[in-house]
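Chemist: Kindly return the folded structure for what I paste below:
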Amino acid sequence: MNTQTNVVLDSNEMTLNRFFAKIYTWMSVGILFTALVAFLTLSTSLGAIVYGSKVMFYGVVGLEIAIMFGAQMLINKLPVSMSRFLFFLYAGLNGITITGILVQFSPKSVMGVFLISAALFGILAIFGYTTKKNLSGWRTFLYIGMLGVFVSSIVNMFLQNSVFDTVLSGIAVLIFCGLTVYDNQIYKIIYEDSKYNTDALEKASALGALHMYMNFIMIFINLLKLFGQDD
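Modeler: Okay, here's the model as predicted:
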């Protein structure tokens, strides 16, 4: 009887691992796609087209924001294939807009901060996945903070205040580090609530990939703004 119970628990744990593996696989592919689009933006006329027109640039930013929030609100109504498409569309648009930041720093600095961001993200993800502490109380603070960072970032696109940008980058790093921990715990809870519903888990993995992708990119970009070197 005890042996059978242990087998069931091990099977469920593997299922949980596969769920997270799917989230992080799609997240990683999204990051690679963003890097590819960023390279194409730099090496082709795409960059000149987007950055040569304020209307075009802000249009891309607006579409990116609309997809980011729209995908999260509509995830339960969309088929998984559409969720994946929106994720890659968002990652592609992000590859275009991120280019304007990357060109301000040396390739060596970008790679160094990327590796530091990946290590930091990994540590936070593991902590969020393994901690027994209930993090549900973080939700309101983190979501209000995230919304504040996005709104403030949009405002500062017009103000171009370097001091405000530095302060905002520091706050953003803290907020998205917190979200990385929180999201890893919350997706374990989502799995437990939906582990017998394959369709729900597929949709959850798509949304999870978007959340983890956003967390990592925001940590990377804001660390780059704080510590990146231009030579």
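Chemist: Next, count neighbours for Met111.
Modeler: Using other C-beta atoms under 10 Å, Met111 has 11 neighbouring residues. Heads up, the C-betas are built off the backbone N, CA and C, glycines and all.
Chemist: so what's it up against?
Modeler: Residues in contact with Met111 (C-beta atoms under 8 Å, 6 or more residues apart in numbering): none are found.
Chemist: Could I get the phi/psi values of it?
Modeler: phi -70, psi -40 (degrees, to the nearest 10).
Chemist: what about Arg84, which helix or strand?
Modeler: If you go by DSSP states H and E, Arg84 is part of helix 80-102.
Chemist: starting at the chain centroid, how far to stretch 145-162?
Modeler: Counting by C-alpha atoms, centre = their mean, to the nearest Å, stretch 145-162 is centred 18 Å from the centre of its parent chain.
Chemist: buried residues in that stretch?
Modeler: For stretch 145-162, the buried set under the neighbour-count rule, 16 or more other C-beta atoms under 10 Å, comprises Gly145, Met146, Val149, Ser152, Ser153.
Chemist: Check which helix or strand the second one maps to.
Modeler: This means Met146. Element membership for Met146 (DSSP H and E) is helix 139-159.
Chemist: right, and the helix or strand after that helix?
Modeler: helix 162-194.
Chemist: Run through who's touching the host helix or strand of Met56.
Modeler: Taking DSSP H and E as the definition, Met56 sits inside helix 54-74. Under the criterion C-beta under 8 Å, 6+ apart, residues 49-51, 78, 83, 86-87, 89-90, 93-94, 96-97, 150, 154, 157, 207, 210, 214 lie in contact with helix 54-74.
Chemist: Out of the buried residues of stretch 145-162, which comes closest to Leu42?
Modeler: Leu42 lies nearest to Ser153 out of the buried residues of stretch 145-162, by C-beta to C-beta, at 22.1 Å.
Chemist: where does the closest one land on pLDDT?
Modeler: Here the pLDDT value assigned to Ser153 is 88.
Chemist: Please determine how far the nearest residue to Ser194 once chain neighbours are set aside is located from Phe19.
Modeler: Distances taken as C-beta to C-beta, 6 or more residues apart in numbering put Ala200 closest to Ser194, at 4.0 Å, once the chain neighbours are dropped. Distance of Ala200 to Phe19, computed by C-beta to C-beta, to the nearest Å: 11 Å.
Chemist: One more: Thr166?
Modeler: To Phe19, Thr166 is 38 Å away according to C-beta to C-beta.
Chemist: Which one's more surrounded, those two?
Modeler: Using other C-beta under 10 Å as the criterion, Thr166 and Phe19 rank with Phe19 on top: 21 against 13.
Chemist: Helix or strand: which one has the more buried one?
Modeler: Phe19 belongs to helix 2-43, assigned by DSSP H and E.
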